[in-house]
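Novice: no FASTA, just this:
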């Protein structure tokens, strides 16, 4: 056979596209040519593959070899095509049969001695292969736990190239079967009972958890802003199976999965340093953009501690993702879209000197204004809950036992269940996901309940987006109070959360 076909996958964001790899062996000067928009790493694959084949005890064809990757117009990146290229060349040379290659996707990088090394993005690659109708897959042994998460496709693991060649020749036991699926144990979250005082902030954290709302905490150092933020994931429900696969796919592309427990079942928590770059925060890179911190926090929490220390361009880069739940990044080789539906928690001091009490502040008024101005109006307009925290005034408050996480979490789960049942026909899970037009038209509240919003809109102290977000918070408050729909009290409380601008 002078021509053979095999399958691999190209990743664009979290979406995989099938790549047909063809090998043609013909007359001419002995050399290997790779066509189909390969990048530098893929163009070097012909040398790695040749050495791996030779060190696996097979002969590399001493003829001209043309390897084509189709569709040719799609850029191909990375070293995950090595295994498929080696097999298709040997199949074209009649060294191994090519029957199994027609229904199998092969993913893996080859070492010079023939070992099969792991690659990123195995999970979304196999999801694409299953969608394309392929029946089996061969992946590196180290990626088997991750690959086993994809159902309805037969997955096998290869430690060396020679194992794959034996399998192609009919030895069914040459490749390893996936182990039973393992799940990460629920990490013990810090308990909310550790936070002393701050009843308003604790209540805002509960509302944020129940409705999926964004939160801003402003106050002097040592008042518990960071402690509260780090306890938010413990109030959130575990991820559903669909959500877990979404989050796991992103972490697979980022290379942050743990082999011993690849499926992420708890909401992730990402807390970047204020010196982080825009690319690290929202995603970026050369060629095709890679996921950033906000995508790794998909279905979880992004916590920006000392938010006013972040430069304005970093903070404002979050605005589109906060509104749409995804981030689109255009680079030289194309535009990719990563999911980024997260809860944002901002914590900041009221001024650069940050004294324990406001009366001791030594900052000039314009310095204080410039410091807080990094939280721009458009960004704050997307933050539903704003809390001004106060310092503790007496140690006797320690004698009061705060509610633990378990008690608050029970209320949060009940409120989320009410919201999920209400929006089930629309495909939304939380109140924060509901578009404003739906709340204003199909779930409109009586004028007696919204008159405060109307007055704020007339005075210009509230934007249209802000009014929609007040309605979402009001629905969350009604869910927490086990009401069928918000009343004037819930709308008023939601508006009060927004009226607290950082000062």
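Specialist: Ah, there it is. Since the structure is predicted, the reported quantities are computational estimates derived from the model, not experimental observations.
Novice: what number of residues lie near residue 360?
Specialist: By other Cβ atoms under 10 Å, the residues close to residue 360 number 10. For glycine as for every other residue, the C-beta is placed from the backbone atoms N, C-alpha and C.
Novice: kindly report the same for the one 10 residues further on.
Specialist: Burial of residue 370 is recorded as 13 neighbouring residues (other Cβ under 10 Å).
Novice: ranges for the helices of the stretch 301-450 of the chain?
Specialist: In the stretch 301-450 of the chain, the helices defined using DSSP state H, counting those that start in this stretch lie at 312-316, 319-324, 365-372, 377-380, 405-423, 436-441, 447-459.
Novice: now do the contacts for residue 439.
Specialist: Shown in contact with residue 439 (Cβ atoms under 8 Å, 6 or more residues apart in numbering): 468, 471-472, 475.
Novice: at 7 Å what do you get?
Specialist: Residues in contact with residue 439 (Cβ atoms under 7 Å, 6 or more residues apart in numbering) are 468, 471-472.
Novice: and these, which of them are in helices?
Specialist: 468, 471-472 (DSSP state H).
Novice: which residues of the stretch 51-200 of the chain score low on pLDDT?
Specialist: 181-187 (pLDDT under 70).
Novice: please, where are all the strands along it?
Specialist: 64-70, 104-106, 109-110, 116-117, 136-140, 154-158 (DSSP state E, counting those that start in this stretch).
Novice: check contacts around residue 60.
Specialist: With Cβ under 7 Å, 6+ apart, residue 60 has these contacts: 50, 53-54.
Novice: now with 8 Å?
Specialist: 50, 53-54, 89.
Novice: how close does it sit to residue 24?
Specialist: 15 Å (Cβ to Cβ, to the nearest Å).
Novice: what of residue 171?
Specialist: 27 Å.
Novice: so those two - more neighbours on which side?
Specialist: Shown here are residue 171 and residue 24; by other Cβ under 10 Å, residue 24 has more neighbours (17 against 11).
Novice: and residue 259, how many neighbours?
Specialist: 12.
Novice: begin at 888, not 1, for the rest of this chat.
Specialist: Noted, 888 is the first residue going forward, which turns the last one into residue 1146.
Novice: ok, and what's touching the helix or strand of the chain with the lowest mean pLDDT?
Specialist: Counting by mean pLDDT, DSSP states H and E, the weakest-scoring helix or strand in the chain turns out to be helix 927-930, with a mean of 86. Helix 927-930 has contacts (Cβ under 8 Å, 6+ apart) with 921, 956, 963-966, 968.
Novice: which one of those residues is nearest residue 1169?
Specialist: residue 964 (20.2 Å; Cβ to Cβ).
Novice: pretty sure that closest one is touching residue 1172, no?
Specialist: No - counting by Cβ atoms under 8 Å, residue 964 stays clear of residue 1172, with 10.5 Å between them.
Novice: more neighbours: which of the two?
Specialist: residue 964 (19 against 14).
Novice: which residue comes closest to that one once chain neighbours are left out?
Specialist: residue 926 (4.7 Å; Cβ to Cβ, 6 or more residues apart in numbering).
Novice: for burial, what's the neighbour tally of that neighbour?
Specialist: 16.
Novice: mind listing what it touches?
Specialist: Here residue 926 is in contact with 962-965, 1174 (criterion: Cβ under 8 Å, 6+ apart).
Novice: which of those residues are buried?
Specialist: 962-965 (16 or more other Cβ atoms under 10 Å).
Novice: narrow the residues you listed to those in helices?
Specialist: Short answer: the buried ones among the contacts of residue 926 have none in helices (DSSP H).
Novice: in JSON lines, list those along with distance to residue 1111.
Specialist: Shown next, in JSON lines, are these (distance: Cβ to Cβ, whole Å):
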{"residue": "962", "distance to residue 1111": "49"}
{"residue": "963", "distance to residue 1111": "50"}
{"residue": "964", "distance to residue 1111": "45"}
{"residue": "965", "distance to residue 1111": "45"}
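Novice: just curious, which of those residues is nearest to residue 1014?
Specialist: Checking the buried ones among the contacts of residue 926 one by one against residue 1014 (Cβ to Cβ), the nearest turns out to be residue 965, at 17.3 Å.
Novice: the closest one: what's its closest spatial neighbour, skipping adjacent residues?
Specialist: Closest to residue 965 by Cβ to Cβ, 6+ apart is residue 928, at 5.8 Å.
Novice: neighbours of that neighbour, how many?
Specialist: 16.
Novice: what about it, distance to residue 1372?
Specialist: 57 Å.
Novice: residue 990 is in contact with residue 1021, isn't it?
Specialist: Yes - Residue 990 is within contact range of residue 1021, at 5.7 Å (criterion: Cβ under 8 Å).
Novice: please say which of these two ends up with more neighbours.
Specialist: Using other Cβ under 10 Å, the more surrounded residue of residue 990 and residue 1021 is residue 1021, with 19 against 14.
Novice: how about the residue nearest to residue 1322 when sequence neighbours are not counted, what does it touch?
Specialist: Closest residue to residue 1322 apart from its sequence neighbours, by Cβ to Cβ, 6+ apart: residue 1355 at 7.9 Å. Contacts for residue 1355 (Cβ under 8 Å, 6+ apart) come out as 1322-1323, 1326-1327.
Novice: tell me which stretches of the stretch 988-1137 of the chain form helices.
Specialist: Under DSSP H, counting those that start in this stretch, the stretch 988-1137 of the chain gives helices at 1009-1018, 1031-1034, 1048-1055, 1086-1098, 1112-1117, 1128-1141.
Novice: how about the ones you listed in JSON lines, adding mean neighbour count and distance to residue 1267?
Specialist: Shown next, in JSON lines, are the helices of the stretch 988-1137 of the chain (neighbours: other Cβ atoms under 10 Å; distance: least, Cβ to Cβ, whole Å):
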{"stretch": "helix 1009-1018", "mean neighbour count": "23", "distance to residue 1267": "35"}
{"stretch": "helix 1031-1034", "mean neighbour count": "24", "distance to residue 1267": "40"}
{"stretch": "helix 1048-1055", "mean neighbour count": "22", "distance to residue 1267": "56"}
{"stretch": "helix 1086-1098", "mean neighbour count": "22", "distance to residue 1267": "15"}
{"stretch": "helix 1112-1117", "mean neighbour count": "22", "distance to residue 1267": "17"}
{"stretch": "helix 1128-1141", "mean neighbour count": "20", "distance to residue 1267": "28"}
